[in-house]
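> Need the 3D shape of this:
(2 chains)
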Amino acid sequence: MSSSTPSSSAGGVGSADSAAPRRNSKRPKYSKFTQQELPACKPILTPRWVISAFMLVSIVFIPIGVVSLFASRDVVEIIDRYETACVPDGYKNDKVTFIQSNLTKQCNRTLTVKKRMKKPIYVYYQLDNFYQNHRRYVKSRSDSQLKENSSWDDVSSCKPEDMSKDQPIVPCGLIAWSLFNDTYNFSLNDQQLAVNKKGISWKSDRDSKFGKDVFPKNFQNGSLKGGATLNPSIPLSEQEDLIVWMRTAALPTFRKLYGKIEQDLQPNDQIHVTLDNNYNTYSFNGKKKLVLSTTSWLGGKNDFLGIAYLTVGGLCFFLALSFTVVYLVKPRRLGDPSYLSWNRNPGGH
Amino acid sequence: MQNSTKSPSKRSRIEKKMDYIIYVLFSLLLVISLISSLGFALKTKFHMPNWWYMRPDDTEQFYNPKEPFISGLSHLVTALILYGYLIPISLYVSIEVVKVLQASFINQDLQMYDDDTGIPAQARTSNLNEELGQVDTILSDKTGTLTCNQMDFLKCSIAGTAYGVRASEVERAAAQQMANDLEQDGRQSSVSSKRSKQDIELETVVTSKDGKDNKPPIKFFSFEDDRMTEGNWRKEPNVDMIILFCRILAVCHTAIPELNEETGTYTYEAESPDEGAFLVAAREFGFEFFKRTQTSVFVRERYIGSGQTTEREYKILNLLEFTSKRKRMTVIVRDEEGQIILMCKGADSIIFDRLAKKGKTYLEDTTKHLNIYGEAGLRTLALAYRKLEESEYSAWNNEFQKAKTSIGADRDTNLEKVAEMMEKELTLVGATAVEDKLQKGVPQCIDKLAQAGLKLWVLTGDKMETAINIGFACSLLREGMKQICITTLDSESKEAIKENILTQVNNGSQMIKLEKDPYAAFALIIDGKTLAYALEEDMKLLFLGLAVDCASVICCRVSPKQKALVTRLVKEGTGKVTLGIGDGANDVGMIQEADIGVGISGVEGMQAVMASDFSVSQFRFLERLLVVHGHWCYKRIAQMVCYFFYKNIAFGLTLFYFEAFTGFSGQSVYDDWYMILFNVVLTSLPVISLGVFEQDVSSDVCLEFPTLYQQGPRNLFFDWYRILGWMGNGLYSSLVIFSLNIVIFYDQAYRVEGQTTDMSILGTIMFTCIICALNFQVSLIMTHYTWMQHVLIWFSIVAWFIFLFIYGMLPPKISHSAYQILTEALASAPVYWITTLLVTIACTLPYLAHMSLQRCFNPMDHHVIQEIKYLKKDVSDQVMWRREKTKAREKTKIGFTARVDALIRSLRGKLNKKTHSIESNKSYPPS
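Numbering: from 1, shown residues only, chains lettered A, B, ... in the order given. Next up is the predicted model:
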């Protein structure tokens, strides 16, 4: 059928020659790619693969789950919810009035250490029902102002906490304005327990996002006082509580680092906490919790991760097992042609 | 221009269905946006006043607790934009890219490139690639599409002797098939080696002749028999009859000879290609027709007498032309000896009716031969003659002239009547068998398409006889098939005609209904005039019902407009995908009307190609276009679209869930850049590679198992069950991704240094989980990994981390909260990696389990074939492989295979008889 056979080229030699290159120019060039013939690996889910895959997952997941669970169990955590307890009895029904009054907010709590806690022990405060992730809240900050002294008046994104008495607020915005201002003092056996508040924020934040030459200015000066005040003589890069607070939490329930206790605590140690219950979570029925926790490589106490791993691993093990049973009891020979549709329901097309 | 229709815009079924899915998703988007804005309005009204840290006393309108309605309304816009990820806009872009690449594969396919004409296949639109995989009915033009309109003289029967040993295409295929089957039998039972040897001998008898012809082929002449060629016929017993036979061939025609100056041979301009073939045959036998004048035909006779070439003149006295009603043609000539001879050729049934008692000497043998020819798919004509006395002729001629010169309405009938008087008392000479030259590979292609479960309708402008013959030649019709011919008579009134057609249609339907034999096949043949009535509003559904029940449908004498109308009827009546294929300007309407129009870029100009969606240079390429490219494209696009919905739902819903935790304020947990890159870089490339490169089975297997094609028309990969399954999977994935991440990270420290997550960290972890899970998911869908897929999937995952790294390295002014997020906050936290692994596996587990279960209990055809190929069983167990290939054919009633099966049955019967007789001879040796 080749076009070069003399019998079919009736037009004579000359025309055939001139036609040849024109013809060939339309001929697609051969390559494995264009002919869709690239060498390919075609793995298929054979029972062996299925069982091994599920088995492999369970073999990997169950140990990880066990290890995670152990790591999580190693973490000792003391949680103390204090927002209701720290309201004097007379104000139990009117907590908001209490928190907005000038009454003393000091409150004493005692925490009992159940298990030995190795240092460092991290101190967190946990808020609840607090929408740090609300869009209005999240946007209400000025990154350039936080970083550079020169843009101290860049407060356009900070409304309504941008200006106070016609002066820009540094740091401006709702986030900074509503800075958490409960304070905790710990003592063990009448000995002051030092809380290290250095290094609780991200290093990159201290170095690059909060300026060393930016000092609080005109802060909490307005008619409506929000949260904590800042020491105007300390640059923002060292105001670690602020830096931590400015990293807005993803969910309405969140924990933030308050400090570190660099001392081991023994079982049955009684820790006395003197706290200033300043922060108003009462208007929105938010809980406040004080958390002391050690960490493991996993982080905090997080049983769920281990349980999830064990569940998935177990599920895979179960699947592997049931596929094995199926494979043994009712094996389908691989590539068994009797499973082809035309063999299964003859004439059923 | 009368027949032209407006050029339509075509969209594939998958795309149309995709629209519905988009509607569903859009409704979902609206619903969750409404929920979201309602939630926001309520939150703003009832909770916002309590959130002192948000300064509810001093807000823009958007957050004003006193005007929750406005807040809700404006939030609706925010929500629609934010959840816009549910609507995979990028799907349309990706699909376009994929389709263009698929189309370029079609254009580049060397196996659809025609070396003779130098024209490759061309996808002129990339819209309909996947539609190629769902075709149910093919509507085909005949001339130039199925046939090259060239007849080859193949066999003849003269005076009861059959000449011509070359096998027709049907016979050859039968022999081949039988040889294959026997090989198989031989392997399965090695007992009857002797028998199979005999069978193979028989096979060689049929096919061996092909091997030894070294002569250049002569156009229109494939006859081969040493007894006839080179003048050898002079040694045959019936020389007189052979001479007569050749003379009828050389004289009884209306052709005009043309001398080819270069070669010195004559070519013939004939009204029908049959005549051309006859003249060439006559020339090869030694009777060269070389000149026609007003009154005479001149023939050069080579082998008569002393070997000298003699020129003979035949005076044409009368010529009674061929009409489709008469089905015969007659000339009355006076030869040089003054003898008046009537020569007639025509359809065998017509001729046989008009034989003289003495002229039936060869009737029995000729009938037998004619049946054989018919079985072999050849067009046959019977030849007869009658010697006339001078007086007898002149008496008749007077009457004939009178009829001819008369004027009036009944002139034609008169003429016919007079002609009838003469065309009787004939003597049968023999019969011719002409093979209608189909285009290369057409029967095989039709056969494969039939096996793939496709229906083929032939719509042709030709007259009914020709159409039926072609039907036979390409195995759309065969012996034993019940033909339902629907025709009309001119004379009746319109109502009567309609009535008549209605009865015919009803009778046909009744006949099919009453048929008990499940293998009985029906063919519907209808002509254009009748079709015009049948296509009328009140009758068309009835007609369609009948046509759909028939194995093959042939419409002849149809106008281009009717072609389009029939196409529309099939398209709209059955609701299935139609493909129109044709080569000429008269097919443009059909090509445009059909769901897919295929143009044959042949000799008849470019109109068809210009109107078409795909063009090929030969009909046979349709097989590869549909069965390979169509099948692949359908699956690719279907899987790709399903995955796309999955991925956008899985991603989009996490945004919504997070919303619920932010008081529906419209805050996104992900950085803007993540969201931009999600569809553009991070998840698009693997799915595009799925859409471009995926192959469930290789092209060879597609061709070997045409049944696999049925997965397309049955829409197994894009039915609602599957689409909703994928959507459900997307919902599941979104829930797993979100809830696992939230529960793990919401309050606890995630690092040994005690830090807790913030929004950007949680968002980044979740996004990492999404990228890994989605890309792992797409890798599970794929079954065909070339280095491209590997690269693209790994690239997508790696690209995410590279992006995160680079983004984190940029100054905080640009990267904001993502500053150094990977290096400082995430990479060193084991929980980050562990969670990613957990979520990835948990997301894909249901799909994996589902696939494993399906493969275990209910494997689909391509699964089993993949396994066979994977285990190389097709090599190790060839008997099984071949058996399955045979079985895989859709039960077809048309096509080569069906026909070959019938032929094999009859051959087997004969063979058994023969073996039996041989064996009985052996057991009683002559003593």
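
> number of nearby residues for the closest residue to residue B:425 other than its chain neighbours?
Setting aside the residues directly before and after it, residue B:425 is nearest to residue B:356 in space (CB to CB, 6 or more residues apart in numbering or on different chains), at 4.0 Å. In short, each C-beta sits where N, CA and C put it, glycine included. Neighbour count for residue B:356, taken as other CB atoms under 10 Å in any protein chain shown: 13.

> now swap in residue A:153 and tell me
Neighbours around residue A:153, by other CB under 10 Å: 14.

> Can I take it that it is in a strand?
No. Looking at residue A:153 with DSSP: H, G, I helix; E, B strand; the rest coil, it is coil, so not inside a strand.

> So what touches stretch B:392-399?
B:317, B:318, B:332, B:340, B:418, B:421, B:422 (CB atoms under 8 Å, 6 or more residues apart in numbering or on different chains).

> And the residue nearest to residue B:425, how far from residue B:426?
Applying CB to CB, to the nearest Å, one obtains 6 Å for the distance of residue B:356 from residue B:426.

> Run a quick neighbour tally on residue A:224.
13.

> List the residues that contact it.
residue B:55.

> now it, what's its secondary structure?
coil.

> Give me the distance between it and residue B:29.
Residue A:224 sits 39 Å away from residue B:29, going by CB to CB.

> My guess is residue B:13 contacts residue B:131. True?
Yes. Contact criterion CB atoms under 8 Å: residue B:13 and residue B:131 qualify, at 6.2 Å.

> The two: which has the busier surroundings?
More crowded of residue B:13 and residue B:131, by other CB under 10 Å: residue B:131, with 25 against 20.

> So the more buried one belongs to a helix, correct?
Yes. The assignment for residue B:131 is a helix, going by three-state DSSP.

> For it, give its distance to residue B:570.
Residue B:131 is 15 Å from residue B:570, where distance means CB to CB.

> Contact partners for residue 236?
I went with chain A, as the question did not name one. If you count contacts by CB under 8 Å, 6+ apart, then residue A:236 has A:146, A:171, A:210, A:211, A:214, A:215, A:216, A:242, A:243 around it.

> I was after chain B.
B:161, B:227, B:228, B:242.

> and the gap between it and residue B:400?
For residue B:236, the distance to residue B:400 - CB to CB - is 36 Å.

> Let me see the ranges of the strands in the stretch 201-350 of chain B.
B:256-259, B:266-269, B:287-292, B:296-301, B:310-320, B:328-334, B:340-346 (DSSP state E, counting those that start in this stretch).

> Out of those, point me to the one whose mean pLDDT is lowest.
Of all the strands of the stretch 201-350 of chain B, the minimum mean pLDDT falls on strand B:266-269 (a mean of 84).

> Mind listing what's buried along stretch B:221-229?
B:221, B:222, B:223, B:224, B:225, B:228, B:229 (16 or more other CB atoms under 10 Å in any protein chain shown).

> Quick check: residues of the stretch 101-250 of chain B near chain A?
B:104-105, B:107-111, B:113, B:115-116, B:118-120, B:216-217 (CB under 8 Å from any CB of the partner chain).

> how about residue 58, secondary structure?
Unless you meant another one, I'm taking chain A. Residue A:58 ends up helix, using three-state DSSP.

> So it sits against residue A:313, correct?
Yes. If you go by CB under 8 Å, residue A:58 and residue A:313 touch, sitting 4.5 Å apart.

> and the chain, what are its domains?
Because you didn't say which chain, this covers chain A. Domain ranges of chain A: A:46-75+A:298-327, A:76-294, per the TED database.

> Wait, chain B was what I had in mind.
Split by the TED database, chain B gives B:113-146+B:441-625, B:153-180+B:217-436.

> so how far is the first residue of the longest one from its last?
Distance across domain B:153-180+B:217-436, first residue to last, is 9 Å (CA to CA, to the nearest Å).

> Who are the contact partners of residue 314?
Using chain A. By CB under 8 Å, 6+ apart, the neighbours of residue A:314 are A:58, A:62.

> actually it's chain B I care about, not the one you picked
B:247, B:251, B:296, B:297, B:298, B:299, B:333, B:334, B:335.

> If any of the residues you listed are buried, put those into a ChimeraX selection.
Buried residues within the contacts of residue B:314, by 16+ other CB under 10 Å, are selected in ChimeraX with:
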select /B:247,251,297,298,299,333,334
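
> what's the average pLDDT for stretch B:100-118?
89.

> Excluding covalently adjacent residues, which one is nearest to residue B:485?
Nearest residue to residue B:485, sequence neighbours excluded (CB to CB, 6+ apart): residue B:525, at 4.8 Å.

> follow-up on the earlier one: if any of the residues of the stretch 101-250 of chain B next to chain A are buried, give me the ChimeraX selection for them.
The buried subset of those, as determined by 16+ other CB under 10 Å, is captured in ChimeraX by this line:
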select /B:105,107,108,109,113,118,119,120
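
> those helices in chain A, which residues are they?
A:13-26, A:47-74, A:95-100, A:135-139, A:143-147, A:174-177, A:203-204, A:240-246, A:303-329, A:341-344 (DSSP state H).

> export those to TSV and tack on mean pLDDT and distance to residue B:586?
Formatted as TSV, these follow (pLDDT from 0 to 100; distance: least, CB to CB, whole Å):
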stretch	mean pLDDT	distance to residue B:586
helix A:13-26	47	27
helix A:47-74	92	56
helix A:95-100	86	88
helix A:135-139	89	65
helix A:143-147	88	72
helix A:174-177	90	76
helix A:203-204	90	75
helix A:240-246	92	77
helix A:303-329	92	60
helix A:341-344	76	39
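
> phi, psi of residue B:139?
Phi and psi for residue B:139, reported as degrees, to the nearest 10, are phi -110, psi 120.

> what about residue 157, how many neighbours?
In the absence of a named chain, this looks at chain A. 15.

> my bad, chain B
If you count neighbours by other CB under 10 Å, residue B:157 ends up with 28.

> tell me the contacts of it?
Applying CB under 8 Å, 6+ apart to residue B:157 gives the contacts B:163, B:362, B:365, B:366, B:369, B:370, B:373, B:430, B:431, B:433.

> Quick one: residues contacting the fifth one.
With contact set as CB under 8 Å, 6+ apart, residue B:369 has these partners: B:157, B:162, B:431, B:433.

> let's see 10 Å
By CB atoms under 10 Å, 6 or more residues apart in numbering or on different chains, the contact set of residue B:369 is B:155-158, B:160-164, B:362, B:380, B:430-431, B:433.

> follow-up on the earlier one: common neighbours of residue B:13 and residue B:131, please.
In contact with both residue B:13 and residue B:131: B:577, B:595, B:634, B:712, using CB under 10 Å, 6+ apart.

> from those residues, which ones fall inside strands?
residue B:577 (DSSP state E).

> nearest to residue A:138, of the shared contacts of residue B:13 and residue B:131?
Nearest to residue A:138 among the shared contacts of residue B:13 and residue B:131: residue B:634, at 46.5 Å, using CB to CB.

> how close does the closest one get to residue B:715?
If you go by CB to CB, the gap between residue B:634 and residue B:715 works out to 9 Å.

> ok, those two, which is more surrounded?
Using other CB under 10 Å, the more surrounded residue of residue B:634 and residue B:715 is residue B:634, with 29 against 18.

> Who are the contact partners of that one?
B:12-14, B:129-135, B:626, B:709, B:711-713, B:715-718.

> separation between the residue nearest the centre of chain A and residue A:210?
The structure's chain A has its C-alpha centroid closest to residue A:250; by CA atoms, centre = their mean the separation is 7.4 Å. Look at residue A:250 and residue A:210: by CB to CB, they are 21 Å apart.

> Residue B:815 is in contact with residue B:672, correct?
No. Judged on CB atoms under 10 Å, residue B:672 makes no contact with residue B:815 at a distance of 11.3 Å.

> all helices for the stretch 201-350 of chain B, in order.
Along the stretch 201-350 of chain B, the segments classed as helices by DSSP state H, counting those that start in this stretch run B:239-251, B:273-285, B:348-353.

> Let me see the mean pLDDT of the second one.
For helix B:273-285, the mean per-residue pLDDT is 85.

> Thank you kindly, that will do.
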